[in-house]
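A.B. asks: give me a model of this one.
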Amino acid sequence: MNQFVLQYGKSAELLLFPHILELGMKKNGSIQANSFPATVAEGLRIYHIIEGRFEWYINHQPHVFYPGDVALIMPGIQLSSDNSVLTIGSFIWIQLAVQKLDNGHVLPGKWSRLSDSEATAIGKILFVNNLPALSRFNEVCSIIKCIYTELVEMEVAYQTRINQHIDELLIQVTRKITRQTHSTRDFPQAFTNLEMALRQDLSHQWTVEEMAGLVGMGTTLFTEKVKSFSGFSPINYLINIRISEAIKLLKRADISVTNIALDTGFYSSQHFSTTFKKLTGYRPSEFRKNHLRNI
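C.D. replies: Okay, the predicted model is just below:
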């Protein structure tokens, strides 16, 4: 499936669906600055990560998302990323218009076939939910893709089918919230510890064998696990961590590009510049200049 964005009022496919404010898929092949600005939307936003690793802020709180994870952003809540940077990967999302009650609860609209009691229960669960990150939740991607397929193919009774899919999406999301009763990630703690260890010593020239040893695995199993959880090979996973750390350091005018290159594990400033430009489209000096100019 190619990337796309449909918006109500701009896309003919959504003419009969005013409750679908936006539907899209983004495939990002390079780290892009200023391509993911902070946004606050009126609707309920649901993002599913297909590939990559994304560090996003929801209501100013940091969250890390991996393939299979879902970001749930309530109406009026801000979604942003560090320095408006969008990292490599892909995701699919939908934004739904919901009815807001005086007590803050939300309800689906008249299009929904949920009973009043079911709609009220779902609205209450969404309102009290404090888990904007739902882990390992691939059903969301499947449902959103089905909605898109129905919109494009417009077969008989597609309007009813789409609304049924949206009801199913809300049911699945609220059931997931009630099952995920704590904030512990399904992402193994061993890999969380691995990333912390890598970030604490990025100047070290880590090998796959060394990284695998940190989590007590052989290289073959380790490579499979990293690919499964991040969408990258171990080396590319490490490079993305190096670049994300370099982006943070480039915001500080008191550190030279050469020092940043060495501190984040690149052999030289030239090696750093080549890799950085390949992943972001900018040389480090250009990236720094653009950031400092926008402050």
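A.B. asks: can you pull out the strands in the stretch 51-200 of the chain?
C.D. replies: Secondary structure of the stretch 51-200 of the chain, counting by DSSP state E, counting those that start in this stretch: strands at 54-58, 61-65, 70-73, 78-81, 89-96, 99-100, 106-107, 133-134.
A.B. asks: so for Gly231, which of those strands sits nearest?
C.D. replies: Using Cβ to Cβ as the criterion, the shortest distance between Gly231 and these is 6.4 Å, found for strand 89-96. Placement of C-beta: from N, CA and C, glycine included.
A.B. asks: residues in contact with the closest one: which ones?
C.D. replies: With contact meaning Cβ atoms under 8 Å, 6 or more residues apart in numbering, strand 89-96 is reached by 3, 19-28, 41, 43-54, 108, 141, 144-145, 147, 166, 169, 231.
A.B. asks: gap between Ala119 and Thr174?
C.D. replies: When distance is defined by Cβ to Cβ, to the nearest Å, Ala119 is 11 Å away from Thr174.
A.B. asks: would you agree Arg34 is in contact with Ser84?
C.D. replies: One thing to correct before we go on: residue 34 is Asn, not Arg. Yes - checked against Cβ atoms under 8 Å, the pair Asn34 and Ser84 is within contact range at 4.8 Å.
A.B. asks: higher neighbour count, those two?
C.D. replies: Neighbour comparison, Asn34 and Ser84: the larger count goes to Ser84, with 15 against 12 (by other Cβ atoms under 10 Å).
A.B. asks: lowest-scoring secondary structure element of this structure by mean pLDDT?
C.D. replies: helix 284-294 (a mean of 77; mean pLDDT, DSSP states H and E).
A.B. asks: OK, contacts around the nearest residue to Arg161 once chain neighbours are set aside?
C.D. replies: Nearest residue to Arg161 in three dimensions, chain neighbours excluded: Glu150, at 5.2 Å (Cβ to Cβ, 6 or more residues apart in numbering). Counting by Cβ under 8 Å, 6+ apart, Glu150 makes contact with 158, 161-162, 165.
A.B. asks: redo these as a markdown table? Include distance to Ser268.
C.D. replies: Written out in a markdown table, the entries for these read as follows (distance: Cβ to Cβ, whole Å):
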| residue | distance to Ser268 |
| --- | --- |
| Tyr158 | 57 |
| Arg161 | 57 |
| Ile162 | 54 |
| His165 | 52 |
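A.B. asks: which one of those has the most neighbours?
C.D. replies: Most crowded among the contacts of Glu150, counting by other Cβ under 10 Å, is Ile162 at 22 neighbours.
A.B. asks: was I right to think that residue contacts Ile147?
C.D. replies: Yes - if you go by Cβ under 8 Å, Ile162 and Ile147 touch, sitting 5.5 Å apart.
A.B. asks: touching both of the two, which residues are there?
C.D. replies: Ile20.
A.B. asks: how deep is the nearest residue to Ser112 once chain neighbours are set aside tucked in, by neighbour count?
C.D. replies: The spatially closest residue to Ser112, leaving aside those adjacent along the chain, is Asp167, at 5.6 Å (Cβ to Cβ, 6+ apart). Neighbour count of Asp167, defined by other Cβ under 10 Å: 18.
A.B. asks: pLDDT wise, what is Gly104 at?
C.D. replies: Per-residue confidence for Gly104 comes out at a pLDDT of 65.
A.B. asks: wait, a strand at Gln270?
C.D. replies: No - when classified by DSSP: H, G, I helix; E, B strand; the rest coil, Gln270 is found to be helix rather than part of a strand.
A.B. asks: distance of it from Gln205?
C.D. replies: Computed as Cβ to Cβ, the Gln270 to Gln205 distance reads 16 Å.
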